[in-house]
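S.K.: got a sequence here, can you build the structure:
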Amino acid sequence: ITPSSIEVKQKPMDKMKICSFLWVYYGYPTSTYEGVNVECMRNRCGELLAKRDSVDVDSVAGVPDSGIAHAVGYANQSGIPFARPFIKYTPTWPRSFMPTSQAQRSMIAKMKLIPVQELIKDKRLLLIDDSIVRGTTSDRIVKMLRDAGATEVHVRISSPPFLWPCYFGTDIPEREQLIAYNRSINEICEVIGADSLGYLGEERLSQMVQGLPICKGCFTGEYPMKPPTRDIRGNFER
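M.R.: Sure, this is the predicted structure:
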């Protein structure tokens with residue numbers, strides 16, 4: 001797209017498949033895609049998580065920013081108070097997963113969230129995030145809450161476990177770097193240090209986006225087209 005023209009680099013294929021992560025994570029809250037608003041969809045995810053849960057906690061919180069809408073939906077459905085036990089400090093990278101260095105990713109993630117100890121100390125907390133990819137951010141956030149005095153930290157994820165890489169645009173690493181690769185949910189829970197862990201079921205995603213044709217390749221390994229292969233240098237070929 002230029003100021004004076006639009007050039008089509010590749011024509012659309014015959015069947016539409018929309019990335020499900022568009023609503024779960026990287027879509028802007030005010031945006032509506034194919035008639036489904038991002039904020040409303042995230043609220044529905046939280047509501048569904050609450051309907052299938054029975055954990056006893058003092059408050060529900062969301063990891064800023066995308067996790068907040070999920071947590072609001074959970075709190076409204078469950079009747080458990082919504083709280084903000086940490087605040088996002090915005091003058092940092094917009095996405096902590098973007099740097100290629102794990103040390104830099106960890107530093108930025110640490111800078112982004114500031115705990116509110118008065119809302120954490122001696123509390124049982126339920127924390128909702130949109131996803132767990134490598135698990136390093138979840139591990140750090142759970143530890144941050146425990147260091148601030150939380151007695152229990154329960155984690156809920158408003159997407160299924162990431163089991164496969166994405167070849168079409170979303171920044172998801174190789175399978176071996178995914179925390180869910182070759183681990184059970186109980187094992188993931190132990191790795192991140194939570195008291196309990198739950199995910200949104202893969203079969204619920206289509207329900208959340210009102211039956212739209214979505215791509216769930218990163219969850220199921222079933223892609224809308226044949227994935228690319230690697231060349232001798234390890235780069236992807238289409």
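S.K.: residue 129 is in contact with residue 67, correct?
M.R.: Yes: between residue 67 and residue 129 a contact is recorded at 4.6 Å, counting by Cβ atoms under 8 Å. The way it works is simple: take the backbone N, C-alpha and C, and place the C-beta from them, glycine included.
S.K.: which residues do the two both contact?
M.R.: Overlap of the contact sets of residue 67 and residue 129 (by Cβ atoms under 8 Å, 6 or more residues apart in numbering) consists of residue 158.
S.K.: now the element after the helix or strand encompassing residue 126, going C-ward?
M.R.: Under the criterion of DSSP states H and E, residue 126 resides in strand 124-129. Scanning forward in sequence from strand 124-129 by DSSP H and E, the next helix or strand is helix 136-147.
S.K.: distance between that following helix and the chain's centre?
M.R.: Offset of helix 136-147 from its chain centre (Cα atoms, centre = their mean, to the nearest Å): 16 Å.
S.K.: please save the CA atoms from that helix in PDB.
M.R.: The C-alpha atoms that make up helix 136-147 are tabulated as PDB, following Å, rounded to 0.1, in the frame of the first residue of the first chain:
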ATOM      1  CA  THR A 136       9.500 -18.000  30.400                       C
ATOM      2  CA  THR A 137       7.200 -15.000  30.800                       C
ATOM      3  CA  SER A 138       4.600 -17.000  32.700                       C
ATOM      4  CA  ASP A 139       7.300 -18.400  35.000                       C
ATOM      5  CA  ARG A 140       8.500 -14.900  35.800                       C
ATOM      6  CA  ILE A 141       5.000 -13.500  36.400                       C
ATOM      7  CA  VAL A 142       4.100 -16.300  38.800                       C
ATOM      8  CA  LYS A 143       7.300 -15.800  40.700                       C
ATOM      9  CA  MET A 144       6.700 -12.000  40.800                       C
ATOM     10  CA  LEU A 145       3.300 -12.600  42.400                       C
ATOM     11  CA  ARG A 146       4.700 -15.100  44.900                       C
ATOM     12  CA  ASP A 147       7.600 -12.700  45.800                       C
END
